[in-house]
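Asker: structural data only, the sequence is not supplied:
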């Protein structure tokens, strides 16, 4: 799969909906500033990430990491736990998937996740919001954008109307002709920035449905 140069760090999104174009531009500029600020604040935290890999909705392995930002804005992960299923995955003809094939499937869906995570980086999130169609839901604002990173992709962001804080995001696209999707639920740190609390990445590989469920928790501010 052709790799895209995507930022992996996820920032929370804030946007204002107003009547005039001039005021809207001001609010969009403020939104971009807040996204960058939120990302900078997240770099001051350490947290735990649990990644669960599924094949045809069957759990294959689960890995838990301690995560933090390091020099240059890169993310460093230290594995603290791992569980691997002992049962075998079979094709429709009964043939078992080899260990090498399972590793290839895992590498494929991780690559998909990394590319889709890039949509919520400040670079692409700002572009998505700037071109979004704005809808109002029940106490929410829904922003829908298309053709953000690739032709035919779609980005949907839901925010609470009262606070303009993100509730969820959904990205659908096709990478090298393969349908892919990412659904994110956002959480917030007490007196701190927003963060992606849970996400589900899905795609297909050699006739199998692949998924990664990512859960982030235990955010702690790094000592100065």
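Answerer: It's in. Only a predicted model underlies this, so the values are computations on that prediction, with no experimental measurement involved.

Asker: C-alpha from now on. contacts and neighbour counts both.
Answerer: OK.

Asker: which SS state does residue 199 fall under?
Answerer: strand (DSSP: H, G, I helix; E, B strand; the rest coil).

Asker: so who does the residue nearest to it when sequence neighbours are not counted touch?
Answerer: Once flanking residues are discounted, residue 199 sits nearest to residue 184: 4.3 Å by Cα to Cα, 6 or more residues apart in numbering. Residue 184 is in contact with 168-170, 196-200, counting by Cα atoms under 8 Å, 6 or more residues apart in numbering.

Asker: roughly how far apart are residue 57 and residue 50?
Answerer: 17 Å (Cα to Cα, to the nearest Å).

Asker: more crowded one of the two?
Answerer: A direct count of neighbours by other Cα atoms under 10 Å for residue 57 and residue 50 places residue 50 higher, at 21 against 12.

Asker: what pairs with the residue nearest to that one when sequence neighbours are not counted across the strands?
Answerer: Nearest non-adjacent residue to residue 50, counting by Cα to Cα, 6+ apart: residue 64, 4.3 Å away. Note on residue 64: beta-bridge partners residue 50, residue 81, judged by DSSP bridges.

Asker: so what's the predicted local confidence for residue 64?
Answerer: Predicted confidence (pLDDT) for residue 64: 97.

Asker: what residues does it make contact with?
Answerer: 48-51, 79-82.

Asker: just the buried ones from the residues you listed?
Answerer: Burial by neighbour count, 16 or more other Cα atoms under 10 Å: within the contacts of residue 64 this picks out 48-51.

Asker: thanks a lot, see you next time.
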